[in-house]
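[1] how does the following fold in three dimensions:
(one chain, ligands or ions: 1)
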Amino acid sequence: MNIAIDGPSGAGKSSIAKLLAKKLNYVHLDTGSMYRCVAYKAIQNKISLDDEELICQMIDNTKISFDSEGNVYLDDEDVKNKIRTNDISLAASNVSKLPRVREKLVSLQQNMAKNISVIMDGRDIGTVVLKDAPIKIFLTATSLERAKRRYKQNLENGIISDIEQLQKEIDQRDYQDTHRKASPLKKAEDAIEIDSSTMTIDEVVETILKIIKQKEKCA
Ligand code: DC
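    Got it, this is the predicted structure:
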């Protein structure tokens, strides 16, 4: 039983998907990491982020994989931390606008989900990648709350940031992700929306576990 989790950046999708995957013994696939890897490698290779043709050729010669610890490997190099910078966040949002890049990554994601139960998080999982997933969650939170969470995270890593600036960046990415032509971020019709603004991670996990139990009862 595949589980799709979509929502805007910073809503907590990946942390929640990771916890759920552990509890349910599922494989977690963070599809945002794949767009980040593509953006990172394009920058390393000095490929313009709107050169769809060159980026597609590059993807054909690229290996992206995950391990159960949540590490991300780009051509066998662990890039988990390198792809988490602000610059790569924005660059990933840029490459994710390119329809042929999306096609390639969607097909890789669908192959990864073949024959196993996965929890996949991203922007188009419920609407495109795993259209038939029996459980679809659309996780949101206000942009201010997401900026506050990112601020705390940064602080834990010794980085002092500006909440207003973080909120601006989040709003910019939200705009790009919801207004692009190719599979913009939107809630699937059959997705259940959870606004996590005033919830803890554990509360969100519990809520999703209840939804899964309910679904199993009805099956
Ligand atoms: O979830 P994230 O912040 O790591 O995602 C990085 C960017 O990739 C984000 O701006 C939108 C894009 N993305 C996408 O278009 N489709 C996905 N399934 C996952 C991410």
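[2] got the residues of the protein near the ligand?
    9, 31-32, 35-36, 89, 92-93, 96, 122-124, 173, 177 (CB under 6 Å from any ligand atom). For glycine as for every other residue, the C-beta is placed from the backbone atoms N, C-alpha and C.
[3] filter those down to the ones in helices?
    Cross-referencing the residues of the chain next to the ligand against helices under DSSP state H gives T31, G32, Y35, R36, S89, A92, S93, R173, D177.
[4] by neighbours, which of those wins?
    Per-residue neighbour counts (other CB atoms under 10 Å) across those peak at R36, which has 27 neighbours.
[5] buried ones in stretch 31-46, by neighbour count?
    Within stretch 31-46, the residues that qualify as buried are T31, G32, S33, M34, Y35, R36, C37, V38, A39, Y40, K41, A42, counting by 16 or more other CB atoms under 10 Å.
[6] closest to I160 out of those residues?
    R36 (23.5 Å; CB to CB).
[7] what's near enough to touch the closest one?
    By CB atoms under 8 Å, 6 or more residues apart in numbering, R36 lies in contact with V72, I83, R84, I88, S89, A92.
[8] okay, those in CSV with pLDDT and distance to R149 next?
    Below are the contacts of R36 laid out as CSV (pLDDT from 0 to 100; distance: CB to CB, whole Å):
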residue, pLDDT, distance to R149
V72, 94, 21
I83, 96, 19
R84, 89, 14
I88, 94, 19
S89, 89, 14
A92, 95, 19
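[9] among those residues, which pair sits farthest apart?
    Counting by CB to CB, the most remote pair of those is V72 and S89, 14.3 Å apart.
[10] the helices in the protein, which residues?
    13-24, 31-44, 52-60, 86-95, 99-112, 143-156, 163-179, 201-218.
[11] just the ones in helices among the residues of the chain next to the ligand now: which is nearest the ligand?
    G32 (2.3 Å; CB to the nearest ligand atom).
[12] how about the closest one, nearest residue that isn't a chain neighbour?
    The shortest distance from G32 to any non-neighbouring residue, by CB to CB, 6 or more residues apart in numbering, is to G122 (5.9 Å).
[13] count of neighbours near that neighbour?
    So G122, with other CB under 10 Å, has 30 neighbours.
[14] can you count the residues close to K213?
    Neighbour tally, K213, other CB under 10 Å: 10.
[15] if I look at it, how far off is the ligand?
    26 Å (CB to the nearest ligand atom, to the nearest Å).
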